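**Student:** Here is a sequence together with a model predicted from it:
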Amino acid sequence: MNGKGNELFPVFFRLDKLRIVVIGGGAVGTEKVGAILKSSPAAAIHVVAPEISAEIIAWSKQYPAVKVFHKAYDPHDLTGADLVIAATCIHVLNMQVQIDAKQKNILINVADTPELCDFYLSSVVQKGDLKIAISTNGKSPTFAKRMREVLEEALPDSIDAILQQLNQIRNKLKGDFEYKVQKMNEITKAMKDEKPE
Ligand SMILES: C[C@@]1(CC(=O)O)c2cc3[nH]c(cc4nc(cc5[nH]c(cc(n2)[C@H]1CCC(=O)O)[C@@](C)(CC(=O)O)[C@@H]5CCC(=O)O)C(CC(=O)O)=C4CCC(=O)O)c(CCC(=O)O)c3CC(=O)O
Ligand SMILES: NC(=O)C1=CN([C@@H]2O[C@H](COP(=O)(O)OP(=O)(O)OC[C@H]3O[C@@H](n4cnc5c(N)ncnc54)[C@H](O)[C@@H]3O)[C@@H](O)[C@H]2O)C=CC1
């Protein structure tokens with residue numbers, strides 16, 4: 001393996017509780033906002049740019065927490081933000097947004113400069129409540145996209161039914177933590193042992 005491999009730590013944000021500010025509303029801004037809304041339709045997203053795509057405008061009408069601001073960036077746009085995505089076509093402007101965000105201790109993704117990112121977006125596989133995030137450590141986003149397609153195809157939609165059943169069992173289990181761990185491990189053992197045909 002090349003170097004130390006992928007050292008990113010994946011987490012899953014509750015975006016209904018956080019505000020995201022996206023600077024830039026062109027092709028990449030649209031791709032990022034679309035990816036966020038696909039996973040988290042209740043995400044509070046402010047998009048700031050002189051030109052904002054028709055798709056983002058449509059989303060701002062469809063999703064109550066998406067707001068658009070037709071204006072050039074200024075640092076006040078970051079007020080109240082928990083996460084920022086800098087996705088303008090102007091490299092020095094993206095760098096300035098990164099400096100401003102760091103000064104305010106806000107986590108930032110700079111679309112054209114992975115080195116300046118505090119976090120990357122991932123490819124996302126979803127089957128009901130099951131969600132799998134894929135990262136290539138920035139090495140090949142296209143590989144991440146293809147891996148998503150492979151997993152979307154390989155995992156049956158019915159996998160969510162298993163998850164729902166396990167949740168029902170989990171909620172009914174009486175006993176201490178150790179007992180629950182042991183019981184849930186027993187019930188799910190076949191998932192690990194069964195080899196696909
Ligand atoms: C580092 C990262 C930071 C971040 O943006 O978060 C980043 C950076 C960059 N992407 C670039 C290009 C492309 N990005 C995509 C697509 C996606 N990019 C996404 C994430 C990430 N992209 C993060 C790392 C993720 C990882 O670990 O792999 C995905 C997974 C999630 C999402 O964006 O929602 C989404 C797929 C979603 C899906 O379909 O499942 C495509 C393919 C396409 O659009 O079809 C291309 C063109 C082909 C190619 O380059 O491969 C460029 C060069 C720009 C230029 O050349 O000008 C940079 C900058 C650089 O690398 O310098
Ligand atoms: N991370 C990723 O997945 C990818 C990143 N990129 C990078 O993303 C960058 C953006 O590319 P595109 O979206 O295709 O450009 P674009 O030209 O489609 O959109 C640029 C956006 O920036 C806005 N903008 C310009 N001046 C501004 C200002 N002063 N304040 C606020 N917004 C301003 C414009 O109004 C427009 O909405 C490029 O540098 C490209 O290298 C490209 C592909 C994928």
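**Tutor:** Right, received. Where do you want to start? Numbering: from 1, shown residues only. Ligands and ions are numbered 1, 2, ... in the order given.

**Student:** okay, now the domains of this structure?
**Tutor:** The record's domain split for the chain, according to automatic domain parsing, is 19-121, 122-155, 165-193.

**Student:** and those domains, which one's lowest on average pLDDT?
**Tutor:** Least confidently modelled of these is domain 165-193, at a mean of 91 by mean pLDDT.

**Student:** quick one: terminal-to-terminal distance for that domain?
**Tutor:** With CA to CA, to the nearest Å as the measure, domain 165-193 spans 19 Å from end to end.

**Student:** next one: phi and psi at residue 44?
**Tutor:** For residue 44, the backbone dihedrals (degrees, to the nearest 10) come out as phi -90, psi 110.

**Student:** for the closest residue to it other than its chain neighbours, what are its contacts?
**Tutor:** Leaving aside its chain neighbours, residue 44 sits nearest to residue 65 (4.2 Å; criterion: CB to CB, 6 or more residues apart in numbering). For every residue, glycine as well, the C-beta is placed using N, CA and C. By CB atoms under 8 Å, 6 or more residues apart in numbering, the contact list for residue 65 reads 16, 42, 43, 44, 45.

**Student:** so can I have CSV of those residues showing secondary structure, distance to residue 91 and neighbour count?
**Tutor:** Shown next, in CSV, are the contacts of residue 65 (DSSP: H, G, I helix; E, B strand; the rest coil; distance: CB to CB, whole Å; neighbours: other CB atoms under 10 Å):
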residue, secondary structure, distance to residue 91, neighbour count
16, coil, 32, 11
42, coil, 32, 13
43, coil, 26, 21
44, strand, 27, 20
45, strand, 23, 25
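
**Student:** Now flag whichever of those is closest to ligand 2.
**Tutor:** Among those, residue 45 lies closest to ligand 2 (CB to the nearest ligand atom), at 14.2 Å.

**Student:** mind checking how far that closest one is from ligand 1?
**Tutor:** 13 Å (CB to the nearest ligand atom, to the nearest Å).

**Student:** and residue 68, how many residues sit next to it?
**Tutor:** Number of residues near residue 68 (other CB atoms under 10 Å) recorded here: 20.

**Student:** Would you mind confirming that it makes contact with residue 56?
**Tutor:** Yes. Applying CB atoms under 8 Å as the test, residue 68 and residue 56 come out as touching, 6.3 Å apart.

**Student:** shared neighbours of those two, anything?
**Tutor:** 25, 47.

**Student:** ok so, going back, could you measure from the residue nearest to residue 44 over to residue 159?
**Tutor:** 29 Å (CB to CB, to the nearest Å).

**Student:** how about the strands in the chain?
**Tutor:** 19-25, 44-52, 66-69, 83-86, 107-110, 123-127, 130-134 (DSSP state E).
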